[in-house]
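Engineer: Provided below for reference: sequence and predicted model.
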Amino acid sequence: MVAPDAPLLDELMPWSVAPLRLGRGWVLAPDRRTLRARWDALVRAEGAAREELFGATRARTTHSSVAALPGRSTGTGRLARETGPCPDPVRILHGPFDEQWLIPDHRLIDAARPELWRVADDSNQLFAVEQAYVPGAAAGPALLVSALLPDGRSSAGRPGRIRPLHRRPGGREPNLTPGLRALLSDRYGQEVAAGDVLAWAVAAAEPSPSGAVVPLPAGPDVWAAGVELGRLMTAVQVRGARGGKRPRLPGGRRPYVRAAVPAWPSVLRYDAEQEVLHVGEGRVSPVPAAAWDFHVGGVRVLDLWFERRTARGEPGTLEAIRPSAWPQEWTSDLLELITVLALLGELDAGREELRGGERIGRDELAEAGVLPVPDAVRRPASVLDHQEEGPEGQFALL
């Protein structure tokens with residue numbers, strides 16, 4: 001049950017960014033080879049044929065003039081004249097738990113949210129992604145966390161917001177409401193870091209129509225337990241990033257391929273009694289029920305993951321270009337996803353111990369000057385430590 005006097009995540013981590021809006025599905029795929037094949041098909045086409053393949057929108061056509069994405073060295077000339085190779089795809093998080101590849105070319109993306117790319121880094125940054133509130137939906141987390149740049153898309157309902165842990169690259173300037181860390185440090189008798197606040201939110205956040213609600217405990221013991229649980233949940237979700245270890249189940253419980261996945265499986269089904277996941281005629285086991293039953297926004301994660309890989313694009317479009325057979329790397333991705341969901345399912349039981357008890361209410365936050373949130377911290381920080389290429393090769397002015 002959501003605590004009535006608890007603050008919103010929006011009040012604790014005030015700077016947020018809307019989800020990416022790609023505008024065209026062909027720029028995203030579960031494997032890099034497919035993206036390069038689609039790009040090659042695009043640049044081989046000329047004139048009106050290229051424009052049709054591209055999929056023009058009001059935000060982007062092959063004649064749009066846009067700056068490069070921060071940190072990317074892709075072309076900035078008109079796409080209508082492009083003849084070069086495909087930019088190196090980058091790994092992103094597509095909705096909950098689905099790691100896919102994206103062509104990071106600003107000319108292809110309607111709303112790429114450059115402010116997110118500007119603060120991404122390989123060592124410190126994490127992104128909290130609020131999940132959509134779906135009334136009556138199956139239980140699922142209100143907040144996920146990613147080391148990859150997330151697109152913020154929701155499996156169902158209205159997309160949530162993306163909240164970087166830091167407002168600047170390199171782990172500088174935490175994205176926290178001023179005064180929050182001082183208040184919590186005083187209450188708990190220990191230094192509270194930005195990562196502690198995020199870890200607590202990952203473990204304790206609850207969905208609501210207004211956004212993720214994050215009750216704050218009054219005592220240090222519950223806080224410490226929640227932070228520890230949240231760090232474990234985060235480590236599983238980021239899958240070895242930031243110096244951690246890839247998630248693994250104990251020996252004897254690790255999922256293995258017992259029968260090879262066919263060239264194109266048509267159905268995914270689960271045998272609860274045998275703990276077997278049938279991928280067409282292929283078989284994977286053991287698969288814990290917690291992994292199969294894991295839902296986000298009312299949608300089963302494994303079903304959605306499978307549907308995205310077996311969907312056939314409309315003939316004649318770039319989305320119709322896909323692998324000729326199920327790639328081995330997809331099976332490896334599936335085994336890791338099962339592991340992630342199973343581990344999170346086990347950790348979820350610990351969240352119950354964080355509920356109830358005395359809380360830090362909104363009145364106390366207001367009395368300490370933490371609320372209301374200053375408008376300035378809801379805006380992105382100025383990041384002026386590098387140059388960015390603007391349209392047609394000119395340098396962008398930030």
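Structural biologist: Okay, I see it. Numbering: from 1, shown residues only.
Engineer: Now do the same contact list for Lys245.
Structural biologist: Counting by C-beta atoms under 8 Å, 6 or more residues apart in numbering, Lys245 touches Ala235. No exception for glycine: its C-beta is placed from N, CA and C like everyone else's.
Engineer: Now for it, which secondary structure element holds it?
Structural biologist: Lys245 is part of no helix or strand when elements are defined by DSSP states H and E.
Engineer: got the phi/psi numbers for it?
Structural biologist: phi -100, psi 150 (degrees, to the nearest 10).
Engineer: quick one: it and Ala235, what's the gap?
Structural biologist: 8 Å (C-beta to C-beta, to the nearest Å).
Engineer: Next: Ala201.
Structural biologist: According to C-beta to C-beta, Ala201 stands 15 Å off from Ala235.
Engineer: can you check Thr62 too?
Structural biologist: Counting by C-beta to C-beta - Thr62 and Ala235 are separated by 43 Å.
Engineer: Compare the two (neighbour count), which wins?
Structural biologist: Thr62 (22 against 19; other C-beta atoms under 10 Å).
Engineer: Please name the residues that touch that one.
Structural biologist: 50-51, 54, 56, 78-80.
Engineer: Quick test: name the residue nearest the centre of the chain.
Structural biologist: Residue closest to the average C-alpha location in the chain (C-alpha atoms, centre = their mean): Pro150, at 3.4 Å.
Engineer: who does it bridge with?
Structural biologist: Beta-bridge pairing for Pro150 (DSSP bridges): Leu93.
Engineer: how much space between it and Pro215?
Structural biologist: Noted for Pro150: a distance of 24 Å to Pro215, by C-beta to C-beta.
Engineer: Same question for Gly226.
Structural biologist: Taking C-beta to C-beta as the measure, Gly226 falls 10 Å from Pro215.
Engineer: shared neighbours of those two, which are they?
Structural biologist: Among the neighbours of Gly226, those also in contact with Pro215 (C-beta under 8 Å, 6+ apart) are Ala204.
Engineer: I figured Gly361 hits Asp5, correct?
Structural biologist: Yes: assessed by C-beta atoms under 8 Å, Gly361 is found in contact with Asp5 at 4.1 Å.
Engineer: okay, the two: which has more neighbours?
Structural biologist: Neighbour count, other C-beta under 10 Å: between Gly361 and Asp5, Gly361 has more, with 17 against 14.
Engineer: ok, so what distance separates that one from Ser332?
Structural biologist: 47 Å.
Engineer: contacting residues for the closest residue to Tyr188 other than its chain neighbours?
Structural biologist: Excluding the flanking residues, the one nearest Tyr188 by C-beta to C-beta, 6 or more residues apart in numbering is Pro220, at 4.1 Å. By C-beta under 8 Å, 6+ apart, the residues touching Pro220 are 187-190.
Engineer: Test my guess that Arg359 contacts Arg187.
Structural biologist: No: Arg359 is beyond contact range of Arg187, at 11.1 Å (criterion: C-beta under 8 Å).
Engineer: where does this structure have low pLDDT?
Structural biologist: Along the chain, the parts satisfying pLDDT under 70 run over 1-3, 138-139, 157-158, 383-398.
Engineer: Would you mind putting the CA coordinates of the top helix by length along it into CSV?
Structural biologist: Longest helix in the chain, counting residues (DSSP state H): helix 328-348. Below are the C-alpha coordinates for helix 328-348, written out as CSV (Å, rounded to 0.1, in the frame of the first residue of the first chain):
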residue,chain,number,x,y,z
GLN,A,328,22.9,-17.9,-31.2
GLU,A,329,23.4,-14.6,-29.4
TRP,A,330,19.7,-14.2,-28.9
THR,A,331,19.7,-17.6,-27.0
SER,A,332,22.5,-16.3,-24.8
ASP,A,333,20.6,-13.1,-24.2
LEU,A,334,17.5,-15.2,-23.3
LEU,A,335,19.5,-17.3,-20.7
GLU,A,336,20.8,-14.1,-19.1
LEU,A,337,17.3,-12.5,-19.0
ILE,A,338,15.9,-15.6,-17.3
THR,A,339,18.7,-15.3,-14.7
VAL,A,340,18.0,-11.6,-14.1
LEU,A,341,14.3,-12.1,-13.7
ALA,A,342,14.7,-15.2,-11.4
LEU,A,343,17.1,-13.3,-9.1
LEU,A,344,14.9,-10.2,-9.0
GLY,A,345,11.9,-12.4,-8.2
GLU,A,346,13.8,-13.9,-5.2
LEU,A,347,14.9,-10.4,-4.0
ASP,A,348,11.4,-9.0,-4.3
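Engineer: That'll do, ta.
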